[in-house]
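# below are the sequence and a predicted model for it; my questions follow.
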Amino acid sequence: MTRYTRREFSAAALAALASKASAAAPDTAGEWRNRQSNMAYRRLGRTGYMLSEVICGGNTISPANNRHVELAIDMGLNYLDTAPAYGRGQSESGYSSVVAGSKRDRVFLATKVSLWDTNRNRLFKEIFDSLDAAEQKKLQTAARDEIAARRADAPDYFLNYFNGQLGELEAAALSNVLEQRYGRRIDRAKNYRDLIIASVEESLGRLGTDHVDVLLCPHGANTPSELRNFPEIFEAFEKLKKAGKVRHLGVSSHTDPGGVLQAAIDSKVYSMAMIAYNICNHAYVDKALEQARRHDFGVIAMKVARPVWNGRAPERPDDAARQALIQKAVPGDLKIPQKAYLWALRNPAVAAVNSEMVTADHVRDNLPLAGRKA
């Protein structure tokens with residue numbers, strides 16, 4: 001990949017960088033970490049965390065692939081995202097040496113509760129399978145109606161970021177319907193509250209730290225109901241917060257991110273969300289993003305480049321049309337993923353974009369996008 005010097009990158013991206021929303025002023029009140037002069041930072045809502053405009057996604061991090069994260073931190077990055085599901089714990093283990101000892105204070109560290117939704121869906125699937133065919137049909141119809149009512153599977157909203165995404169949405173909607181009629185059959189304390197606490201304890205062990213700055217639960221919420229109808233999430237968070245193991249509660253969402261974001265804001269307990277937000281789905285998300293800005297609610301944008309740049313797989317039928325959108329919106333000779341990140345950073349409600357940087361070359365390409373305008 002191209003390796004830009006500061007001067008070369010600024011020449012290529014001057015117009016695009018100038019169109020970004022304003023970064024935080026150097027004297028902005030908040031919690032600053034790893035502050036560097038060439039890096040632009042924004043406040044993550046009421047958390048007060050001052051984030052580098054580009055953060056590091058953890059899906060490909062492992063003990064054998066983490067040196068480039070050190071480079072990113074040296075360049076001013078200060079937020080690391082991970083989850084137990086990434087590499088079956090390898091991502092968390094890969095970050096452990098990056099944050100070991102005094103290095104922990106350089107970054108904000110976030111992990112997730114990956115088992116919460118899969119466990120919930122498994123339990124309700126067992127109940128579903130025990131019912132007669134007529135009842136199953138009624139439940140499936142109600143679940144489909146829920147998806148349709150929210151337009152959660154609309155083609156320009158549901159962008160199929162990973163294999164199995166539709167199945168996850170359908171399972172979540174079915175679980176929501178089953179919760180209303182059969183939720184009393186579930187041991188809520190064990191499967192909702194205690195599962196979260198156990199997951200965090202295991203994550204802290206792999207990360208080699210005594211706390212995380214943000215806990216995201218659910219990991220990949222598919223529906224607003226998952227945030228509204230499970231007070232056990234908040235009970236677990238309060239217990240972990242009092243123990244000093246978690247500082248703020250967040251949620252992540254690929255599917256119906258606008259609806260999930262609004263539910264998180266309405267909860268008054270969540271402080272931030274990491275949601276799929278890009279040039280293809282923004283019409284469904286912009287209203288909730290404006291509400292987030294008004295309520296001082298922190299937002300990190302993810303899956304910003306995935307719809308327009310499918311670097312891992314063969315070309316998709318709609319790639320050309322989607323790429324035309326981003327080329328028109330962000331003119332110039334930058335690479336398509338870089339244009340996608342810069343497009344998202346135009347929105348002042350977005351504190352940062354999540355970039356899955358797999359190599360040092362990715363770091364050198366993408367992190368300068370968080371450079372200061374001047």
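Received it, and whenever you're ready, just let me know what you need.
# any idea which element the residue nearest the centre of the chain lies in?
Nearest to the geometric centre of the chain sits M274, at 3.2 Å (Cα atoms, centre = their mean). Remark: M274 resides in strand 272-276, with elements defined by DSSP states H and E.
# go on, V251?
strand 246-253.
# any idea of the mean pLDDT for that strand?
Mean per-residue pLDDT for strand 246-253: 98.
# relative to strand 246-253, how tilted is the helix or strand following it?
Downstream of strand 246-253, the first helix or strand assigned by DSSP H and E is helix 257-267. Going by axes from the mean of the first three to the mean of the last three Cα atoms, to 10 degrees, helix 257-267 is angled at 150 degrees with respect to strand 246-253.
# and helix 257-267, what's buried?
Buried residues in helix 257-267, defined by neighbour count with 16 or more other Cβ atoms under 10 Å: P257, G258, G259, V260, L261, Q262, A263, A264, I265, S267. For the C-beta atoms, the positions are set from N, CA and C on the backbone; glycine is no exception.
# stretch 268-275 too?
Neighbour-count burial for stretch 268-275 flags Y270, S271, M272, A273, M274, I275 (criterion: 16+ other Cβ under 10 Å).
# now do stretch 265-284: distance to the chain's middle.
Mean C-alpha position of stretch 265-284 versus that of the full chain (Cα atoms, centre = their mean, to the nearest Å) differs by 9 Å.
# hmm, back to that, how about the residue nearest to the centre of the chain, what does it touch?
Going by Cβ atoms under 8 Å, 6 or more residues apart in numbering, M274 touches D81, L216, G250, V251, S252, S253, V299, I300, A301, M302, N354.
# how does it look with 6 Å?
Taking Cβ atoms under 6 Å, 6 or more residues apart in numbering, we find M274 in contact with S252, I300, M302.
# cool, Y192 as well?
Counting by Cβ under 6 Å, 6+ apart, Y192 touches F230, E232.
# isn't there a strand covering it?
No: secondary structure of Y192 (DSSP: H, G, I helix; E, B strand; the rest coil): helix, not part of a strand.
# tell me the pLDDT of it.
Note on Y192: pLDDT of 96.
# one step back: any idea of the angle the strand holding V251 forms with strand 272-276?
With the same axes, to 10 degrees applied, the angle from strand 246-253 to strand 272-276 works out at 20 degrees.
# out of the buried residues of helix 257-267, which is nearest to D27?
The closest of these to D27 turns out to be I265 (Cβ to Cβ; 27.8 Å).
# coming back round to it: hmm, who's touching the strand holding V251?
Identification of contacts with strand 246-253 by Cβ under 6 Å, 6+ apart yields 47, 212-216, 219-221, 237, 240, 260, 264, 270-275.
# how about the buried residues of stretch 268-275, which pair is most distant?
Every pair of the buried residues of stretch 268-275 checked by Cβ to Cβ; the farthest is S271 and I275, at 13.9 Å.
# show me the strands in the stretch 251-374 of the chain, by range?
Using DSSP state E, counting those that start in this stretch, the strands assigned to the stretch 251-374 of the chain run over residues 272-276, 298-302, 352-355.
# list the strands paired with the last one, with their directions.
By that I understand strand 352-355. Strand 352-355 has the following sheet partners, assigned by DSSP bridges: strand 54-56 (parallel), strand 298-302 (parallel).
# and the first one, by the same measure?
Applying DSSP bridges to the sheet, strand 272-276 is found paired with strand 246-253 (parallel), strand 298-302 (parallel).
# so for that strand, what's the average pLDDT?
For strand 272-276, the mean pLDDT works out to 98.
# likewise the shortest one?
Along strand 352-355, the predicted confidence averages to a pLDDT of 98.
# quick one: contacts of that strand?
By Cβ under 6 Å, 6+ apart, the residues outside strand 352-355 that reach it are L51, E53, V54, I55, G57, I300, A301, M302, V304, Y341, A344, N366.
# and the closest residue to the third one other than its chain neighbours, how far from A134?
Translated: V54. Computed as Cβ to Cβ, 6 or more residues apart in numbering, the closest residue to V54 that is not its neighbour in sequence is A370, at 4.2 Å. From A370 over to A134 the distance is 56 Å, taken as Cβ to Cβ, to the nearest Å.
# can you check T209 too?
52 Å.
# out of these two, which sits in the busier spot?
Using other Cβ atoms under 10 Å, the more surrounded residue of T209 and A134 is T209, with 19 against 8.
# adding pLDDT, write the buried residues of helix 257-267 out as a markdown table.
Below are the buried residues of helix 257-267 laid out as a markdown table (pLDDT from 0 to 100):
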| residue | pLDDT |
| --- | --- |
| P257 | 98 |
| G258 | 98 |
| G259 | 98 |
| V260 | 98 |
| L261 | 98 |
| Q262 | 98 |
| A263 | 98 |
| A264 | 98 |
| I265 | 98 |
| S267 | 97 |
